[in-house]
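In: any chance you could fold what I've pasted below:
(chains A, B, C and D)
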There are 2 protein chains.
Amino acid sequence: MTAETDDDTRPATISRVAELAGVSRATVSRVMNGSSTVAPHLAERVRAAAATLNYQPSVLARSLAVGRTSTIALVVPDLANPMFQDVLRSLSHAAATQGHRLLVADSEENVAEERLIAVEARRRCDGLVLCAPRMPDSELAALAPQLAPFVLVNREAPDLSVPSVNVDYAAGIRDLVSHLIGLGHRKVAYLAGPPTSSSNQLRLSTLRGFAAAGRLDLVEHECGATFSDGHAVAGRLIDDVCTAVIAYNDLVAFGALSGLHELGVSVPQQISVAGFDDIPFARYTTPPLTTASVPPSEIGERAWHRLWALLNGQQPEPDARFRPRLVVRGSTGPAAAWS
Amino acid sequence: MTAETDDDTRPATISRVAELAGVSRATVSRVMNGSSTVAPHLAERVRAAAATLNYQPSVLARSLAVGRTSTIALVVPDLANPMFQDVLRSLSHAAATQGHRLLVADSEENVAEERLIAVEARRRCDGLVLCAPRMPDSELAALAPQLAPFVLVNREAPDLSVPSVNVDYAAGIRDLVSHLIGLGHRKVAYLAGPPTSSSNQLRLSTLRGFAAAGRLDLVEHECGATFSDGHAVAGRLIDDVCTAVIAYNDLVAFGALSGLHELGVSVPQQISVAGFDDIPFARYTTPPLTTASVPPSEIGERAWHRLWALLNGQQPEPDARFRPRLVVRGSTGPAAAWS
DNA sequence: TTGTAGGCGTTATCAT
DNA sequence: ATGATAACGCCTACAA
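Out: Purely as a prediction, here's the structure:
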């Protein structure tokens, strides 16, 4: 005696509630949304029916009807990177305060699929926050129409009028260099990040500017963006006669710190090490890491505000640019004669 | 002369493509889904029309029609915790290999809102991976019907038949204790995590078992789950006469390590420190941290497989239980006379 | 092989 | 204040 007509297993629909309450679907909808005025006794009947059927409106159907999902997407190149984890966290938090959820997509540094991932993620949501430091400008420009409304994090929007939230890497590097020069350092190594990373290029050109101005001797090492990269390059550091190292980011600096430690090189007595980002653990390395602090949680928050403005049809605000704050800790010290 | 009828700004619909191609919507649908056999010349016309209109099927409408979103939700209590970040990353990766996206919701340790967040997140998706270590069993049981299909991470499902992926904390603790006892330690401090955390309770009861058996003297310190918690408790550690410390997790162990360092206590000469989890940085602390390694990336992957099985109507597989692997590094050493 | 028509579960407009 | 009814955009029997 299986009842095919009243299937209790499938989620209740607005129609079943309406039927049980003896009203129209429209009335149920009004009650569920607390909208307009519904006669109290009817509203009560509806609520009772909804309760007994354990009715929950379908988010999907509602989204289709109203034309928005209350969801935004975040696309990052590497979820293992603390920077993006922080952006993720703060973005999720900020969006949640306005009742929005976050869909996360990790392109896993796969530049080829990145565009597909971004487009697909965007299409599930109302908007997008895009972290794509390696994507060529041309490709980004071509994609822009499909991604809108969206905001960029950590990269400039060349011509297109896309709001972006980014970090003044040049200023951060300048502060670090000034700090090191003040400590008497002249020969400085730079552990370069991914060559295609725009933020790496910014760091590098700033450093080269100092070198060109004769203010320091710059030694460049191809490195990467991870702990392992920094760790691996430590050996080459002792071949240099540099007294200080600036790493692409804190992770790389960590790796270098660890590698140098294993090689018996003392920091900062023999060599100073500086990072970039100020990720949470930066203050807890031994020695604690001198770095340029960029507040990733503010980045996520700001990105949300930008996107929220766009979603509401407001004009995109001017780009936000965070100036990193120099944080001097124990990993940098006075330059010493190397040998 | 604004044309209201053919609005180019709004995304193209299947109807407009059908119209332009001179076919029915059904045919367009078939072409877009690569399904069944459509006459080549018609298919070509459809593709051309879709291209000129820049048509992309609405994910939303499609989801409503087919009854699934190809999206799963992850609810975690704290996105700042490396453990959950790893689960997030691996889950995202695993789900992506099967064409599914991940919606992330951070309950931010807010137990009160956690149930609402979980239910709401679940309703946007096809399934849910729930990390809710503090949620009372009763509440979880009450919520289960609304959350299904879902899998639990890092907590048991008492009676309800919900697959769970968890860690054999007792075994991990046993390994750590055996290791310490082997080094001659007798008096051991435990830096307890959040009291309501079920995994903390497991750790604790295992430790108390050793104590009850007379195999070690146990000193319990209320602590927490973060670096700061561990850092703050370091001072109390030197008041004990313990020769070893087991921390609730690696973060706490880090904090303790850092605090002890500042207090001039040398590890492991004066006191041994062990963590739990083996988060990425554990191998890079000074000294590197001895810990019970639980592979968070495997957790996410396994959780996905469980959920995927559920989504396909398969019977839930038996619970997965990862036995942590003891990783001995530099932070533990032979017990020394304290004074 | 192609088209017609109904349904997915809401919301919103417009009568009443 | 309430109820038909038509979107929202797509899929899918079923029919032709």
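
In: when you work out contacts or count neighbours from here on, use the C-alpha atoms and nothing else.
Out: Will do.

In: quick one, phi psi at whichever residue of the stretch 1-150 of chain A sits closest to DNA strand D?
Out: When scored by Cα to the nearest atom of the strand, the stretch 1-150 of chain A has residue A:38 as its residue closest to DNA strand D, at 3.0 Å. For residue A:38, the backbone dihedrals (degrees, to the nearest 10) come out as phi -120, psi 140.

In: next one: it from residue A:13, what distance?
Out: 20 Å (Cα to Cα, to the nearest Å).

In: how about the residues of the stretch 1-150 of chain A by DNA strand D?
Out: A:22-27, A:36-40, A:42-43, A:61, A:64-65, A:67 (Cα under 7 Å from any atom of the strand).

In: list only buried entries from the residues you listed.
Out: A:23, A:25, A:27, A:42, A:43, A:61, A:64 (16 or more other Cα atoms under 10 Å in any protein chain shown).

In: which positions in chain A make contact with DNA strand C?
Out: Counting by Cα under 7 Å from any atom of the strand, chain A comes close to DNA strand C at A:11-15, A:25-26, A:29-30, A:32-33, A:55-58, A:61-62, A:64-66.

In: which of those residues are buried? Put it as a ChimeraX command.
Out: Here is the ChimeraX command that selects the buried residues among these (16+ other Cα under 10 Å):
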select /A:12,13,14,25,29,32,55,56,57,61,64
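
In: please point out which parts of stretch A:170-181 sit buried.
Out: For stretch A:170-181, a neighbour-count test (16+ other Cα under 10 Å) marks A:170, A:171, A:172, A:173, A:174, A:175, A:176, A:177, A:179, A:180, A:181 as buried.

In: so of those residues, which ones are in helices?
Out: A:170, A:171, A:172, A:173, A:174, A:175, A:176, A:177, A:179, A:180, A:181 (DSSP state H).

In: where does residue A:108 sit: helix, strand or coil?
Out: coil (DSSP: H, G, I helix; E, B strand; the rest coil).

In: should've said residue A:219
Out: Taken by three-state DSSP, the conformation at residue A:219 corresponds to strand.

In: that one touches residue A:188, doesn't it?
Out: Yes: with contact defined as Cα atoms under 8 Å, residue A:219 and residue A:188 form a contacting pair (6.2 Å).

In: so these two - more neighbours on which side?
Out: residue A:188 (26 against 18; other Cα atoms under 10 Å in any protein chain shown).

In: after whichever strand or helix holds the more buried one, which helix or strand is next?
Out: Here residue A:188, judged by DSSP states H and E, is contained in strand A:187-192. Proceeding N to C from strand A:187-192, the next assigned helix or strand is helix A:198-212, under DSSP H and E.

In: CA atoms of that following helix as PDB?
Out: Extracted as PDB, the C-alpha positions of helix A:198-212 are listed here (Å, rounded to 0.1, in the frame of the first residue of the first chain):
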ATOM      1  CA  SER A 198      52.800  40.400 -11.400                       C
ATOM      2  CA  SER A 199      53.500  41.100  -7.700                       C
ATOM      3  CA  ASN A 200      56.900  39.500  -8.100                       C
ATOM      4  CA  GLN A 201      57.600  41.700 -11.000                       C
ATOM      5  CA  LEU A 202      56.700  44.800  -8.900                       C
ATOM      6  CA  ARG A 203      59.000  43.700  -6.200                       C
ATOM      7  CA  LEU A 204      61.800  43.000  -8.600                       C
ATOM      8  CA  SER A 205      61.600  46.300 -10.500                       C
ATOM      9  CA  THR A 206      61.600  48.200  -7.300                       C
ATOM     10  CA  LEU A 207      64.700  46.400  -6.200                       C
ATOM     11  CA  ARG A 208      66.400  46.900  -9.500                       C
ATOM     12  CA  GLY A 209      65.600  50.600  -9.200                       C
ATOM     13  CA  PHE A 210      67.600  50.700  -6.000                       C
ATOM     14  CA  ALA A 211      70.400  48.800  -7.700                       C
ATOM     15  CA  ALA A 212      70.400  51.100 -10.700                       C
END
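
In: what average pLDDT does it get?
Out: Averaging pLDDT along helix A:198-212 gives 94.

In: and it, what does it pack against?
Out: Secondary-structure packing of helix A:198-212 (3 or more Cα pairs under 8 Å, 6 or more residues apart in numbering or on different chains; DSSP states H and E): helix A:169-182, strand A:217-222.

In: got those as a markdown table, with mean pLDDT columns?
Out: Converted to a markdown table, those look like this (pLDDT from 0 to 100):
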| stretch | mean pLDDT |
| --- | --- |
| helix A:169-182 | 97 |
| strand A:217-222 | 96 |
